[in-house]
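Q: fold the stuff below for me.
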Amino acid sequence: QLQLVVSGGGLVQPGDSLKLVCQAAGSEFDYSAIGWFRQAPGKAREAVSCIATDSKRTIWADSVADRIWMTRDNRKKTVSLQMNDLNAEDSAVYYCAGAPIRVCPRVPYNMPNWGEGTQVTVSS
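A: I've put the predicted structure just below:
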């Protein structure tokens with residue numbers, strides 16, 4: 001089974017950049033798309049983006065489309081989410097999740113394997 005651990009959250013100022021890393025364990029990573037999700041207090045969970053096994057990227061949240069970049073290292077079993085020009089609306093708990101599908105669906109997909117989230121707070 002795919003196990004995921006997210007790191008890299010913290011407190012940043014508006015306009016800063018932040019990189020989250022999703023570390024996977026398990027052979028399922030090789031054939032799993034990895035998605036990023038976030039949830040702010042009092043709000044529904046939001047699907048942010050997804051990266052396929054061949055590193056093709058899919059953006060689910062229009063609000064971050066021009067500000068994020070994902071990479072995937074299949075040898076290290078990591079997926080990173082680089083977020084730039086952060087603002088208060090980006091404050092949330094961020095999760096990575098995986099599904100045994102090689103490509104990312106165009107619409108958000110409720111992935112079965114979840115890691116614990118990491119808090120990102122954007123505040124001056």
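Q: spit out the contact partners of Asp16.
A: Applying Cβ atoms under 8 Å, 6 or more residues apart in numbering, we find Asp16 in contact with Leu86, Val122. To be clear about C-beta, it is placed using only N, CA and C from the backbone, and glycine gets the same treatment.
Q: one more time with 7 Å
A: Leu86 (Cβ atoms under 7 Å, 6 or more residues apart in numbering).
Q: for it, helix, strand, or coil?
A: coil (DSSP: H, G, I helix; E, B strand; the rest coil).
Q: how close does it get to Arg75?
A: For Asp16, the distance to Arg75 equals 29 Å [Cβ to Cβ, to the nearest Å].
Q: Gly8 too?
A: For Gly8, the distance to Arg75 equals 20 Å [Cβ to Cβ].
Q: out of these two, which sits in the busier spot?
A: Comparing Gly8 with Arg75 by other Cβ atoms under 10 Å, the one with more neighbours is Gly8, at 16 against 5.
Q: might one say that the more buried one is in contact with Leu20?
A: Yes: between Gly8 and Leu20 there is a contact under Cβ atoms under 7 Å: 4.2 Å.
Q: any residues in contact with both of the two?
A: By Cβ under 7 Å, 6+ apart, the residues touching both Gly8 and Leu20 are Thr118.
Q: who's Met70 bridged to?
A: Per DSSP bridges, the residues bridged to Met70 are Leu81.
Q: residue contacts, it?
A: Ser49, Ile51, Arg57, Val79, Ser80, Leu81.
Q: for the second one, what are phi and psi?
A: So that's Ile51. phi -130, psi 130 (degrees, to the nearest 10).
Q: also the first one?
A: Comment: the main-chain dihedrals of Ser49 come out as phi -160, psi 170, following degrees, to the nearest 10.
Q: just list the residues touching it, thanks.
A: Gly35, Trp36, Arg57, Thr58, Ile59, Trp60, Ala61, Ile68, Met70, Leu81.
Q: could you measure from the fifth one over to Met83?
A: Taking Cβ to Cβ as the criterion, Ile59 is separated from Met83 by 12 Å.
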